[in-house]
Each structure stands twice: as structure tokens, then as C-alpha cells.
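**Q** Sequence plus the predicted model coming up.
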Amino acid sequence: MINAEGGSPRRLTTEPFENVVPSWSRDGRWIYFSSDRTGTSELWKIPVQGGQAVQVTKEGGFAAFESPNGKFLYYIKAFAGPIWRMPVEGGEETRILDQNIRWSYWSVLENGICFLDWGATPPEIELFDFDTRQLKRITTVDRTKSLSGGGGFAVSPDGQWILFARMDQIDSEIMLVENFR
């Protein structure tokens, strides 16, 4: 972690585990992340000021975001999959959205979950409305599915804009090494 104004970075985790996909709690006091420290990918949180990490999920977790009101944690359990929800203070998990959503292409809003649906042809940006539990198509995406790249997806704080990364071109070359022994 590093101050936005600059300075030296401060390490939050030191254990020899894969600690990935960090996200902030809404109050700015915690960092959620995925770790394989139990042998499987689970969600953890660690205080921003430092301290011990606390396990959040017991049935899997990979990418997580708190709801805007800070009451719920929304997450997927693997690189792609359905979205689950649980109270921030812990408790029972509930499957919220069945679509196979890629970890880096969704965002939690006050009124729902906005996501890029790669399973649609052509791919679509959709909104799952919390009140109606219905899907609303926002737009289609003019490119086909890219299996490479980390992606990225964000909705502006005012809910007026959606930003996403797409890979337009992947290049590769085949090289021959002569006199190899």
C-alpha cells in the first residue's frame, strides 16, 4: 500500500501465499483479498493500518466488492462464476446472480450489479436490478470474446458512465533457433 501523494510502499501481507485481487472496504478501513493460505482460494480482509488477516469466506472466494452502503460483500468464488452475497459482519452466503461472470468485469452499484456478459452473442453489458431481480441490457459490445488479458470494468460514482477494457489485437510470432543443442 502506498499513499496517493507518494512515499514508500508498505507491505500488508508477508506470508508465502498467493494474495491477489485486492479491493477496499467502503469505509476505507479494510482491504479484501483472495488468498490460498487454507489450501483453496478464500476471501480475507486485513486492516489498512496493519495487523492480522481475517478469513471472510469458508466456501470459496476470489474477487469481492462491498455494497455502496457497506452492509454486504458481493463476490465470485473463482476466476469466473456466479455472484454471491453475504453480510459484511459475516453470516450465510446467498447466490445472487447465476451468470458466469469473469472476475474483472463487474461492479456493485446502489441499485444492482453491472457486468459484462461474455456468454451473450454478441457480448452485452447488463444490469441486475436488486429490487426487481431482473436483468436489463445496457448495450452490446462490438467485439467478440477475448480469452487473454486481465480486463477491467468500472462504473462512475454517479452511475452515468461505464468504463471497460477490451483487447483489440493479439500478436505472436514463431521463431526458429538454429544450431540448438
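**A** Structure's in. What do you need?
**Q** Point out where this structure drops to low pLDDT.
**A** Applying pLDDT under 70 to the chain flags residues 143-151, 168, 181.
**Q** 80 instead?
**A** 142-151, 166-171, 176, 179-181 (pLDDT under 80).
**Q** and it, what are its domains?
**A** 1-103, 104-166 (automatic domain parsing).
**Q** can you list these in TSV and add distance to residue 172 and mean neighbour count?
**A** (C-beta placed from N, C-alpha, C; glycine too.) Formatted as TSV, those follow (distance: least, Cβ to Cβ, whole Å; neighbours: other Cβ atoms under 10 Å):
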stretch	distance to residue 172	mean neighbour count
domain 1-103	22	16
domain 104-166	10	15
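**Q** Tabulate those (CSV), appending distance to residue 176.
**A** Output for the domains of the chain, formatted as CSV (distance: least, Cβ to Cβ, whole Å):
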stretch, distance to residue 176
domain 1-103, 34
domain 104-166, 24
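**Q** Among those, which comes closest to residue 173?
**A** domain 104-166 (15.6 Å; Cβ to Cβ).
**Q** for the residue nearest to residue 162 when sequence neighbours are not counted, phi and psi?
**A** Spatial nearest neighbour of residue 162, chain neighbours left out: residue 155 (5.4 Å); criterion: Cβ to Cβ, 6 or more residues apart in numbering. Backbone geometry at residue 155, expressed as degrees, to the nearest 10, gives phi -110, psi 140.
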